[in-house]
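Asks: okay, here's the prediction I keep looking at, along with the sequence it came from:
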Amino acid sequence: MTNRLMALACAALILAPGARAEEARPAPVPSPWKITWEVGAEERVRSEALNNTFDFSDATDDHRLWYRFRTRAWAKATIGKTGEFYVGLNNESRNTVHPDTPFKWDEVVFENLYLDWKIDPSVSVRVGRQNLMKGEGFVLFDGTSGDGSRTAYFNAVDVTFGWKKSKVELIGISDPAKDWYLPVINDKNKLLQEWDEAAVGLYFTGRDLPKTAIDGYVFWKSEKDDRRGTTNAQFQPDRQLGILGGRVVQQLPEGFSLTAEAAGELGSEKPKPGAAGGNKNIAAWGGYAYAKKVFPGSWKPSIQAGWIGMSGDDPATRSNEGWDPLFSRWPKWSELYIYSQVPEKGVAYWTNLSMWQAELLASPAKFLSLRGTYYYMSALEAFPGSTRVFGKGKKRGDMLQARADVVFSKALKGHVLYEYLKPGDFYIGRDSAYFLRFELIYSFKKIF
């Protein structure tokens, strides 16, 4: 027994220096060029039904029922802690069953294709086709308003300078009316918006103050070469405009918060070719403000009340006072009403609007969220449009919305949305309109 103990002790003495050397050996430094891959896909299926959304008249058969199938696939390469390369493809095909229309496969487009590179800890650059959303998307969210919710990308360069919890971004945007930067499979020659758009600007995001969030921005934008004919009542001359604005969110005690955003626009537009007169000045404003109260409880109930406003063009002046939504032509406040804007200015073209809002939210279960919203909608100016659609008043109508979001699993979620609008004297038609949607989204991703 003694001999065994002595042998073990000798072995320990012999191995100990090697063990200590092994402990002292520095851990391997991970390669700064190590690449982590992520691949993913998503399938979104929507059923949408709507009626009277274009003219609020039962005399016109504008009931629509369609099914929308959007397929997305992407791959992302993360290069150490320095870079990211992302590519994503997108196809959305629609089957309209009322009126009955043959199903056809639509385009396959590059939804995203960008390189993101961190030059140093405080400076990074993202170049290429990318999604941008700032604040609540009041001025910057959707760069492709003409293709609905299929995509929302921008062809952009975004240079970010950061410090602490704040940053300033220098953003340049080039969004032509048709996609000619990247190839399109099964090209349908679609318009992404009515004109070519380009912009450059600065966006500040400040989060260093406790319980206070501050955003500020300034942009200069060009809209030119409207693809609609000059005889079209909605034809827009080439325009140049600048926008200056800001947003503040203040958290208060007892679950209260206040949010406000306001912006002003100045610029000019050229007259229609052959029309008399010189350039027309642009002077517009837009903004919103609301208060929110979150109550304690397992349902996480909250109420919100506020006002949204965007200036309208006064036909009695030589200037154009109508608010230009910049890059925010998306259904932020309503899925129904974006179709009602088609005969006025264009789909999802939010302008000449005053809305009072009251909203209630609750989450009765972890997998279920509920929302109920009421809007009292008016115009700031009567609209001198088609007398078959528009009246001489300023009340747009009363809108009710109800939505339920359900999370079935990590991979599967969906929602149901219903909207109802009773039109006012802004329109000739007085028949109510509705919008109903059912949606399911299945998605997955794998990292390796």
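Replies: Perfect, I can see it now. Numbering: from 1, shown residues only.

Asks: gap between residue 304 and residue 260?
Replies: According to CB to CB, to the nearest Å, residue 304 stands 13 Å off from residue 260. Just so you know, the C-beta spots here come from the backbone N, C-alpha and C atoms, and that holds for glycine as well.

Asks: could you do residue 32 as well?
Replies: 44 Å.

Asks: which of these two has more residues huddled nearby?
Replies: residue 260 (16 against 10; other CB atoms under 10 Å).

Asks: got the contact list for that one?
Replies: Going by CB atoms under 8 Å, 6 or more residues apart in numbering, residue 260 touches 247, 248, 287, 288, 289, 290.

Asks: not counting sequence-adjacent ones, nearest residue to residue 77?
Replies: Leaving aside its chain neighbours, residue 77 sits nearest to residue 85 (4.6 Å; criterion: CB to CB, 6 or more residues apart in numbering).

Asks: partners of residue 202 in the sheet?
Replies: residue 170, residue 218 (DSSP bridges).

Asks: do you know the pLDDT at residue 272?
Replies: pLDDT for residue 272: 66.

Asks: list the contacts of the residue nearest to residue 77.
Replies: 76, 77, 79, 114, 115, 116.

Asks: if any of the contacts of residue 260 are buried, give me the ChimeraX selection for them.
Replies: Burial among these is assessed by 16 or more other CB atoms under 10 Å; the matching ChimeraX selection reads:
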select :247,248,287,288,290
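
Asks: residues in contact with the most centrally placed residue in the chain?
Replies: The chain has residue 141 as the residue nearest its centroid, 3.8 Å off, counting by CA atoms, centre = their mean. Contact partners of residue 141, counting by CB under 8 Å, 6+ apart, are 132, 133, 134, 152, 327, 328, 330, 332.

Asks: tell me the bridge partners for the nearest residue to the first one once chain neighbours are set aside.
Replies: Okay, so that is residue 132. Using CB to CB, 6+ apart and skipping residues adjacent in sequence, the residue nearest residue 132 is residue 154, 5.2 Å away. Taking DSSP bridges, one obtains residue 130 as the residues bridged to residue 154.

Asks: what distance do you get for residue 154 to residue 211?
Replies: 31 Å.

Asks: now do residue 337
Replies: Look at residue 337 and residue 211: by CB to CB, they are 34 Å apart.

Asks: now swap in residue 267 and tell me
Replies: 36 Å.

Asks: more neighbours: which of those two?
Replies: Between residue 267 and residue 211, counted using other CB under 10 Å, the more crowded position is residue 267 (21 against 10).

Asks: do you know the pLDDT at that one?
Replies: Residue 267 is given a pLDDT of 97.

Asks: where does it land in three-state SS?
Replies: Following DSSP: H, G, I helix; E, B strand; the rest coil, we place residue 267 in the strand state.

Asks: who does the closest residue to it other than its chain neighbours form a beta bridge with?
Replies: Closest residue to residue 267 apart from its sequence neighbours, by CB to CB, 6+ apart: residue 241 at 2.8 Å. Here residue 241 sits in beta bridges with residue 221, residue 267, going by DSSP bridges.

Asks: burial count for residue 241?
Replies: Close neighbours of residue 241, defined as other CB under 10 Å, add up to 22.

Asks: just checking: what are the partner strands of the host helix or strand of residue 354?
Replies: According to DSSP states H and E, residue 354 maps onto strand 353-365. Applying DSSP bridges to the sheet, strand 353-365 is found paired with strand 302-310 (antiparallel), strand 368-378 (antiparallel).

Asks: only the C-alpha atoms, please, for the first one, written as CSV.
Replies: Just to be clear, that refers to strand 302-310. Output of strand 302-310 as CSV, limited to C-alpha atoms (Å, rounded to 0.1, in the frame of the first residue of the first chain):
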residue,chain,number,x,y,z
SER,A,302,-53.7,50.4,-21.4
ILE,A,303,-55.6,53.4,-22.8
GLN,A,304,-54.4,56.0,-25.3
ALA,A,305,-55.9,59.2,-26.6
GLY,A,306,-54.5,61.7,-29.0
TRP,A,307,-54.7,63.7,-32.2
ILE,A,308,-53.0,63.4,-35.6
GLY,A,309,-52.9,66.2,-38.1
MET,A,310,-51.4,67.0,-41.6
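
Asks: so how far is it off the chain centroid?
Replies: Its chain's C-alpha centre and that of strand 302-310 lie 19 Å apart, by CA atoms, centre = their mean, to the nearest Å.

Asks: buried set for that strand?
Replies: 302, 304, 306, 308, 309, 310.

Asks: tell me the bridge partners for the fifth one.
Replies: Residues found in beta-bridge contact with residue 309 (criterion: DSSP bridges) are residue 287, residue 354.

Asks: any idea how far residue 357 is from it?
Replies: For residue 309, the distance to residue 357 - CB to CB - is 11 Å.

Asks: repeat for the second one
Replies: The span separating residue 304 from residue 357 equals 7 Å under the rule CB to CB.

Asks: shared neighbours, those two?
Replies: Shared contacts of residue 304 and residue 357, defined by CB under 8 Å, 6+ apart, comprise residue 290.

Asks: ok, back up a step: can you list contacts of the strand holding residue 354?
Replies: For strand 353-365, contacts defined as CB under 8 Å, 6+ apart pick out 290, 299-310, 312, 323, 333, 369-380, 396.

Asks: related to what we said a few turns ago, hmm, the residue nearest to residue 267 is touching residue 263, no?
Replies: No. Applying CB atoms under 8 Å as the test, residue 241 and residue 263 come out as separate, 11.2 Å apart.

Asks: flag every buried residue along stretch 228-247.
Replies: For stretch 228-247, by 16+ other CB under 10 Å, it's 236, 237, 238, 239, 240, 241, 243, 245, 246, 247.

Asks: any chance of those residues in CSV, plus distance to residue 224?
Replies: Shown next, in CSV, are the buried residues of stretch 228-247 (distance: CB to CB, whole Å):
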residue, distance to residue 224
236, 9
237, 9
238, 4
239, 8
240, 9
241, 12
243, 17
245, 23
246, 28
247, 28
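
Asks: now, those residues that are in strands?
Replies: Under the assignment DSSP state E, the buried residues of stretch 228-247 contribute 239, 240, 241, 243, 245, 246, 247 to strands.

Asks: in the sheet, who's paired with the last one?
Replies: Residue 247 forms beta bridges with residue 215, residue 261, as assigned by DSSP bridges.

Asks: so it touches residue 135, yeah?
Replies: Yes. If you go by CB under 8 Å, residue 247 and residue 135 touch, sitting 4.8 Å apart.
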